[in-house]
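J.: I'd like to go over a predicted model; first the sequence, then the structure.
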Amino acid sequence: MDMKIKIKGVEFRNPIIIASGPAGFGEEFFKYVLPSEIGGFTTKTVTLSPKEGNAPPRIVYVKDGILNSIGLQNPGIEAFESKVVPNLPNGTTRIISIGGDSPNDFSELARRIESFCDMLEINLSCPNVHSHDVIAADEELSKDIVTACRESTNKPIIVKISPDLDVVEQSRVVVESGADIVNIANSLRGAKFNVETGQAFLKRISGGVSGPAFMPIILWKVYQVKEAFPSLPIIGLGGVTCSRDVVEYAIAGASLVGIGTEAMINPTGIPKIVKGIAEFLEQKNVNFKDVVGISHKGGFK
Ligand SMILES: Cc1cc2nc3c(=O)[nH]c(=O)nc-3n(C[C@H](O)[C@H](O)[C@H](O)COP(=O)(O)O)c2cc1C
């Protein structure tokens, strides 16, 4: 059965997108997985200047997931262009994630990465960089950033939104400003405390929760956005560990499904997930795109 998905002229061999961050720039990940085995790869978020990231500890295990406070560590656009780009994977759809503070930061990045990617992803929702709220909490700033990127590139634009805010409202704002796809979602803000010391594990107290614990929350958000904007392509992202999770996201309304934490913990499991989706489609005798949003049409007949 057919697993291909085409969005805005860009083809994904299958619906699996490696999410921004946990697999870095793919240095380790592609020792275990061939680019041709996945639908697409998203780089770690790149910013104009290099970022050292937050003080350790940066990752704490929580029930059925992890709490991270990486803080967008990356080498900055100059080193990205000269050192990272030559080693990015070929043979899969390439998405470059960009981050910054202002519309100018984002539009300059959009221009500079354009020729190296098939799509770009605007990260408006990292919970670990600003002392204030995520960028997506500021509607005007979000609009200005997406509009500035839209004017700077012809490549399709994905906007990654926050699960801590109203996802339907965020989707409306970014689509009206020129986004082609929404990615639901970045990690959810959370905290963990040490019962012996009475202190938070993370220096910034809060971090981003990801992993299986988080999946039902995101499934519901994907469902809501699909209901509000039936023709908007959605990336469902949060907690996927197996092929049935991917199918669940499609049923809720996701055309593509991201995998973050699992790609870092168990990269060799990713091709097995793809195989499992193919087996499921075979058994149901449907193509992947027929499953997308099927819960809105009363489910499988
Ligand atoms: C270690 C780590 C680093 C991350 N770095 C980024 C990042 O640079 N940019 C971004 O948009 N999301 C980042 N994320 C969020 C993931 O892309 C994803 O939205 C989140 O982890 C939920 O998916 P998952 O449950 O499959 O991990 C990071 C997540 C983790 C765990």
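T.: Arrived safely.

J.: What residue in the stretch 101-250 of the chain comes nearest to the ligand?
T.: Among the residues of the stretch 101-250 of the chain, S210 lies nearest to the ligand; the distance is 3.1 Å by Cβ to the nearest ligand atom. C-beta: built from backbone N, CA, C; applies to glycine.

J.: which ones are touching that residue?
T.: When contacts are counted by Cβ atoms under 8 Å, 6 or more residues apart in numbering, S210 is found next to P22, G65, I66, N68, S187, L188, G238, G239, G260, T261.

J.: what about the residue of the chain positioned farthest from its centre, helix or strand, and which?
T.: Seen from the C-alpha centroid of the chain, the residue lying at the greatest distance (Cα atoms, centre = their mean) is E196, 35.0 Å away. In this structure, E196 is located outside every helix and strand according to DSSP states H and E.

J.: ditto for V274
T.: Secondary structure here is read from DSSP H and E; on that basis V274 sits in helix 269-284.

J.: got the contact list for the helix or strand just after that helix?
T.: Scanning the chain past helix 269-284 towards its C-terminal end, the next helix or strand to appear is helix 288-291 (assignment: DSSP H and E). Applying Cβ under 8 Å, 6+ apart, the external contacts of helix 288-291 come out as 1-5, 14-15, 247, 250-251, 255, 277, 281, 284.

J.: quick one: which two of the residues you listed are the most distant?
T.: When these are compared pair by pair using Cβ to Cβ, the farthest-apart members prove to be K4 and I251, with a separation of 18.4 Å.

J.: show me what contacts the residue in the chain that the ligand sits nearest to?
T.: In the chain, the residue that lies nearest the ligand is G21 (2.1 Å; Cβ to the nearest ligand atom). Shown here is G21, whose contacts under the criterion Cβ under 8 Å, 6+ apart are K44, T45, I70, S97, G260.

J.: switch the cut-off to 6 Å
T.: Under the criterion of Cβ atoms under 6 Å, 6 or more residues apart in numbering, the contact partners of G21 comprise K44.

J.: Check the gap between it and T43 for me.
T.: Look at G21 and T43: by Cβ to Cβ, to the nearest Å, they are 9 Å apart.

J.: what's the answer for L281, then?
T.: Taking Cβ to Cβ, one finds L281 at 29 Å from T43.

J.: Same question for M264.
T.: For M264, the distance to T43 (Cβ to Cβ) stands at 14 Å.

J.: got any ranges where the stretch 101-250 of the chain has weak pLDDT?
T.: With pLDDT under 70 as the threshold, the stretch 101-250 of the chain has low-confidence stretches at 131-132.

J.: Not counting the helix or strand hosting G258 itself, show me its contacts.
T.: G258 is located in strand 256-259, with elements delineated by DSSP H and E. Contacting residues not belonging to strand 256-259 are listed as P15, I17, A19, I235, G236, L237, V240, V246, Y249 [Cβ under 6 Å, 6+ apart].

J.: Contacts only, for the nearest residue to G208 once chain neighbours are set aside.
T.: Distances taken as Cβ to Cβ, 6 or more residues apart in numbering place S187 nearest to G208, at 2.7 Å, with adjacent residues excluded. Residues in contact with S187 (Cβ under 6 Å, 6+ apart) are G208, V209, S210.

J.: Cross-reference those residues with the strands and report the matches.
T.: Assignment to strands by DSSP state E places the following of these there: G208, V209, S210.

J.: I157: which of the residues you listed is nearest?
T.: When the ones in strands among the contacts of S187 are compared for distance to I157, the smallest value, 22.4 Å, is given by G208; criterion: Cβ to Cβ.

J.: Run through the helices of the chain in chain order.
T.: Defined through DSSP state H, the helices belonging to the chain, from first to last, are 77-79, 103-113, 139-152, 167-176, 215-228, 243-252, 261-265, 269-284, 288-291.

J.: how about a markdown table for those, with distance to the ligand and mean neighbour count added?
T.: Conversion of the helices of the chain to a markdown table gives the following (distance: least, Cβ to the nearest ligand atom, whole Å; neighbours: other Cβ atoms under 10 Å):
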| stretch | distance to the ligand | mean neighbour count |
| --- | --- | --- |
| helix 77-79 | 14 | 15 |
| helix 103-113 | 13 | 20 |
| helix 139-152 | 14 | 18 |
| helix 167-176 | 13 | 19 |
| helix 215-228 | 7 | 20 |
| helix 243-252 | 9 | 22 |
| helix 261-265 | 3 | 21 |
| helix 269-284 | 11 | 16 |
| helix 288-291 | 19 | 20 |
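
J.: Compare those helices and give me the one nearest G299.
T.: Nearest of those to G299, taken as Cβ to Cβ: helix 243-252 at 7.7 Å.

J.: circling back to that earlier point, in strands, which of the contacts of strand 256-259 appear?
T.: Counting by DSSP E, those contribute I17, I235, G236, L237 to strands.
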